[in-house]
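Asks: sequence first, predicted model second:
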Amino acid sequence: MIATSSIDTTCTIWDVNTQTARTQLIAHDREVFDLAFSRGTDVFASVGADGSVRLFDLRSLEHSTIIYETPNLEPLLRLEWNKQDPNYLATFKVDSRSTIILDIRLPSIPVTELGGHAGCVNAVAWAPHSSCHVCTAGDDCQALIWDLSHMSKRPVEDPILAYNAEGEVNNLQWSSSQPDWVSIAFSDKLQILRV
């Protein structure tokens, strides 16, 4: 199964084996920019131009739950689900320097915001082996790794690791098979970093 998001406000769930759409649903009031599945294949969330994070369950598609809306309905560009703890999501607004961490058990209010970038955030990836580490990357040519283990007790102000690339970092991936490695993409390069 794969899922796609669209500028026509819909998300489509595809059955790869039969090469057909299993379901298509109107997910947002405006364009849908990204979606991500929780562990398993039933629960997913999406973000879009309407500034909301919406939670869906394929076993019951009659409704969705809005778990977060940006204060001025600024568009949300990307979404990443925590690989170890399905209660946490990371997202960021279009042209924003900060990453928003959400707990689906406490809708409407971010658990924390990570504001260490000097340019717009372009990508976010959770560690595959840890529930409290996340990497963000942006136009400031940096990839930052954050430790969120104490976010319930105090604000997360600084990253624990920072890497300066030779250009604006457009994307990143944290390897699930080799969790000591993070790949970043910038300009016409792909670089693999040991963390």
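Replies: Okay, I see it.

Asks: if I look at the closest residue to L77 other than its chain neighbours, what pLDDT would I see?
Replies: Once flanking residues are discounted, L77 sits nearest to V94: 4.9 Å by Cβ to Cβ, 6 or more residues apart in numbering. For every residue, glycine as well, the C-beta is placed using N, CA and C. Looking at V94, its pLDDT reads 97.

Asks: for E168, same thing?
Replies: 97.

Asks: now do the contacts for it.
Replies: Contact analysis of E168 by Cβ atoms under 8 Å, 6 or more residues apart in numbering lists 119, 122, 138-141, 186-187.

Asks: could those residues go into JSON lines alongside neighbour count and secondary structure?
Replies: Output for the contacts of E168, formatted as JSON lines (neighbours: other Cβ atoms under 10 Å; DSSP: H, G, I helix; E, B strand; the rest coil):
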{"residue": "G119", "neighbour count": "15", "secondary structure": "coil"}
{"residue": "N122", "neighbour count": "22", "secondary structure": "strand"}
{"residue": "G138", "neighbour count": "26", "secondary structure": "strand"}
{"residue": "D139", "neighbour count": "18", "secondary structure": "coil"}
{"residue": "D140", "neighbour count": "19", "secondary structure": "coil"}
{"residue": "C141", "neighbour count": "19", "secondary structure": "coil"}
{"residue": "F186", "neighbour count": "20", "secondary structure": "strand"}
{"residue": "S187", "neighbour count": "12", "secondary structure": "coil"}
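
Asks: by pLDDT, give me the weakest of those residues.
Replies: Scoring the contacts of E168 by pLDDT puts S187 last, at 94.
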